[in-house]
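Peer 1: What would the 3D arrangement of this be:
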Amino acid sequence: MWHSLVEPRLRKFRVVTIGEPRVNHGESQAKIEWQIQDPNGNLLSWSTVVWNTDGGGRLDAFDSLLLAWWLEYAIAEGKPQSDSAAFREAILQGLRHDRAALESFGITLRPSQYPWLPPITLDEWERQLRERSSADSAAGGT
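Peer 2: Numbers count the residues shown, from 1 in each chain. As a prediction, this is how the structure comes out:
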């Protein structure tokens, strides 16, 4: 997944800084802020969350793929960085574009970003994204 879907999309971007982990929500998670520079020199922010669980730290297995889709389908198209509707639409576009590749790698489930929730099928994930995008459109934006 990394070599085929993530790394090629990230090549034109540069990591400027990786912040120190900050503990959030008591001690249940830590957040790391990234500063990324696009080819035009614009700085972008990305957060990676690591959850503290009884089994150790847990990271969203799709975090890097979501970043790649966000950069390709939202930021590269000039959408505002803070636009959550644009982020969801970018993820939906990425999933539609890369679904066959994901399945060819044996990836048929979307692990939850929350360690206490079970994974969902790619069909269910796409359905949820479509519903949220429709709700965003009906509400007029973010």
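Peer 1: And the contacts of the longest strand anywhere in the chain?
Peer 2: Looking across the chain with DSSP state E, the single longest strand is strand 43-53. Strand 43-53 has contacts (Cβ atoms under 8 Å, 6 or more residues apart in numbering) with 13, 16, 21, 24, 27-38, 57-60, 63, 67, 70-71, 75, 81, 113-115. Using the backbone N, CA and C atoms, a C-beta is placed for each residue, glycine as well.
Peer 1: Name the next helix or strand downstream of it, please.
Peer 2: Remark: after strand 43-53, the chain's next helix or strand is strand 56-59, criterion DSSP states H and E.
Peer 1: thinking again about what came up before, how far does the longest strand of the chain sit from its chain's centre?
Peer 2: The chain centroid and the centroid of strand 43-53 are separated by 10 Å under Cα atoms, centre = their mean, to the nearest Å.
Peer 1: try stretch 79-89
Peer 2: 11 Å.
Peer 1: secondary structure element for A101?
Peer 2: helix 84-104.
Peer 1: Identify the residue nearest the geometric centre of the chain.
Peer 2: L66 (2.5 Å; Cα atoms, centre = their mean).
Peer 1: Look up how far Q81 lies from the residue of the chain most remote from its centre.
Peer 2: Within the chain, D54 marks the point farthest from the mean C-alpha position, 24.4 Å out by Cα atoms, centre = their mean. D54 sits 35 Å away from Q81, going by Cβ to Cβ, to the nearest Å.
Peer 1: S4 now?
Peer 2: Distance from S4 to Q81, by Cβ to Cβ: 26 Å.
Peer 1: likewise E103?
Peer 2: 30 Å.
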